[in-house]
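**Q** here are the coordinates; sequence isn't available:
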């Protein structure tokens, strides 16, 4: 009978040892899984914050893009450059539209393509806002050239034109 008790105790000890080993492995696995779960929660919180920041940045970029697109669409209404010869055939005139910082610049070149020197050339810039002459630009819209020789070119920049200008006309008169 002692042998049966000893055998039963031995079986019980082996079972307990096996169970403890399994429980120990399960406890270690549970700690590992818990650690991974805590890290996943931290990553989720960080990613949620990053996503919110990116959404805010996206909204700002969309607003800036909208402003830029509106500006560029308005600028497309103005010819980037033009070239023509005066009615009397003595002047070749070119104009170039330049975006310069917060203002527009219109560069006008006049070239004497005639057979003799020109004593005086008057260049006028007429800026328009929504099809109406922009009287507020008076004072910035006139340039005079004296003694323009055959083949010679004079260049003048009309500067500080505000960005509400939607079109312009150039008049060059040889005197």
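**A** Happy to help now that I have it. Nothing here was measured: the structure is a model prediction, and the numbers come from that model.
**Q** switch to C-alpha atoms for all contacts and neighbour counts from now on
**A** Will do.
**Q** contacting residues around the longest strand belonging to the chain?
**A** Counting by DSSP state E, the longest strand found in the chain is strand 118-129. In this structure, residues lying in contact with strand 118-129 by Cα atoms under 8 Å, 6 or more residues apart in numbering are 112, 133-134, 137, 140-150, 158, 164-175.
**Q** redo that, cut-off 7 Å
**A** Around strand 118-129, the neighbours that count as contacts under Cα atoms under 7 Å, 6 or more residues apart in numbering are 133-134, 141-149, 164-175.
**Q** Report the strands that pair with it, each with its relative direction.
**A** Using DSSP bridges, the neighbouring strands of strand 118-129 in the sheet come out as strand 132-133 (antiparallel), strand 142-148 (antiparallel), strand 167-174 (antiparallel).
**Q** For those strands, please prepare a markdown table with the additional fields mean neighbour count.
**A** Listed next are the strands paired with strand 118-129 as a markdown table, based on neighbours: other Cα atoms under 10 Å:
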| stretch | mean neighbour count |
| --- | --- |
| strand 132-133 | 14 |
| strand 142-148 | 15 |
| strand 167-174 | 17 |
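**Q** Figure out which of the ones you listed is closest to residue 116.
**A** When the strands paired with strand 118-129 are ranked by proximity to residue 116, the top entry is strand 142-148, at 9.1 Å, counting by Cα to Cα.
**Q** Let me see the mean pLDDT of that closest one.
**A** Per-residue pLDDT values over strand 142-148 give a mean of 92.
**Q** Repeat that for stretch 106-120.
**A** Model confidence over stretch 106-120 averages 95 on the pLDDT scale.
**Q** How far does that stretch sit from its chain's centre?
**A** Remark: stretch 106-120 is offset 39 Å from the chain centroid, using Cα atoms, centre = their mean, to the nearest Å.
**Q** Can you give me the buried ones in that stretch?
**A** Within stretch 106-120, the residues that qualify as buried by neighbour count (16 or more other Cα atoms under 10 Å) are 106, 107, 108, 109, 110, 111, 112, 113, 117, 118.
**Q** In strands, which of those fall?
**A** Assigned to strands by DSSP E, the following of the buried residues of stretch 106-120 qualify: 106, 107, 108, 109, 110, 111, 112, 118.
**Q** Break the protein down into its structural domains.
**A** Taking automatic domain parsing as the criterion, the chain consists of the domains 1-76, 78-174.
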